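>>> sequence-free structure coming up:
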């Protein structure tokens, strides 16, 4: 029902590209240009500065973008509410999730959600926690799911699942399934950790800070941009990685990795929904309630010791 010209403008403004807007909306580039010209004629303003192959928003464009975000959000809420009058769930949900949640927690949840709500158009952006929060503030997504410990005051957080970050290494020939080391031994072991901006690294640093230990005092060999990258590296090294328990269940069951307990040290955190204060729409709230029901019904298991169930 919403004015398609606003959707076109919003896509061009967010991407700062007529080509990307065309690809996103499945509309030809000449049609995109036509809609922008119509808006410019309607308001008698230029919406974009054109410098060679690059564009930027004019002052009028920035004003229209601000209103477009609010108007399109209200249209989504209207669409959801009107269909709900007929007990029909329809609309759009743009999710952003941290890498760990997107790869290891969400897949079965999203599969069941799309089965139950086939008329909800759902999209998912996978990135690290800080980028999810940024996308939420830029109105690129409707709801975020993050694993970070640092919380922005202008956003609302709601925990939905506990997670444990476990130190793991590859099981070598004849190795024991699990062992414990002292904290001093841990400080000497070469570590492979996630990148800056990841919720995993934030949680590790927070726990270490409680012990009065800085990350720089550890033997960090490398930072990698994904948990899968860490897992692949560990299979070919004698290093130690610290990853979510959800990411290594299969490898523990198959005795590929072992958990190395550290005396007096345990890395725990919570996965959280994150949203704009007071701006959750019906589709986002419905998804939040669905996730809580799913987790309760499926009783997500806790830590697995020593590669056994």
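Great, that's in hand. As the structure is a computational prediction, the values presented were derived from the model and not from experiment.

>>> for the stretch 151-300 of the chain, just list every one of the strands.
155-170, 179-181, 191-194, 220-224, 240-244, 257-262, 267-276 (DSSP state E, counting those that start in this stretch).

>>> mean neighbour count, distance to residue 68 and mean pLDDT for these - can I get that in CSV?
(C-beta placed from N, C-alpha, C; glycine too.) Shown next, in CSV, are the strands of the stretch 151-300 of the chain (neighbours: other C-beta atoms under 10 Å; distance: least, C-beta to C-beta, whole Å; pLDDT from 0 to 100):
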stretch, mean neighbour count, distance to residue 68, mean pLDDT
strand 155-170, 18, 21, 93
strand 179-181, 13, 55, 84
strand 191-194, 23, 35, 95
strand 220-224, 15, 38, 95
strand 240-244, 24, 37, 95
strand 257-262, 20, 48, 91
strand 267-276, 20, 16, 92
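
>>> next, the most centrally placed residue in the chain: secondary structure please.
The centroid of the chain falls nearest to residue 97 when counting by C-alpha atoms, centre = their mean (1.7 Å). Of the three states, residue 97 takes strand under DSSP: H, G, I helix; E, B strand; the rest coil.

>>> how about it, what does it touch?
Contacts for residue 97 (C-beta atoms under 8 Å, 6 or more residues apart in numbering) come out as 106, 124, 125, 126, 132, 144, 145, 146.

>>> which element is the first one on?
Think residue 106. helix 106-116 (DSSP states H and E).

>>> pull out the buried positions in that helix.
106, 109, 110, 112, 113 (16 or more other C-beta atoms under 10 Å).

>>> same question for stretch 49-56.
By neighbour count with 16+ other C-beta under 10 Å, stretch 49-56 contains the buried residues residue 55.

>>> for that stretch, give the mean pLDDT please.
Mean pLDDT, stretch 49-56: 88.

>>> hmm, who's touching that stretch?
Applying C-beta under 8 Å, 6+ apart, the set of residues contacting stretch 49-56 is 12, 16, 17, 18, 48, 57, 58.

>>> of those residues, closest to residue 272?
The nearest member of these to residue 272, counting by C-beta to C-beta, is residue 16 at 30.6 Å.
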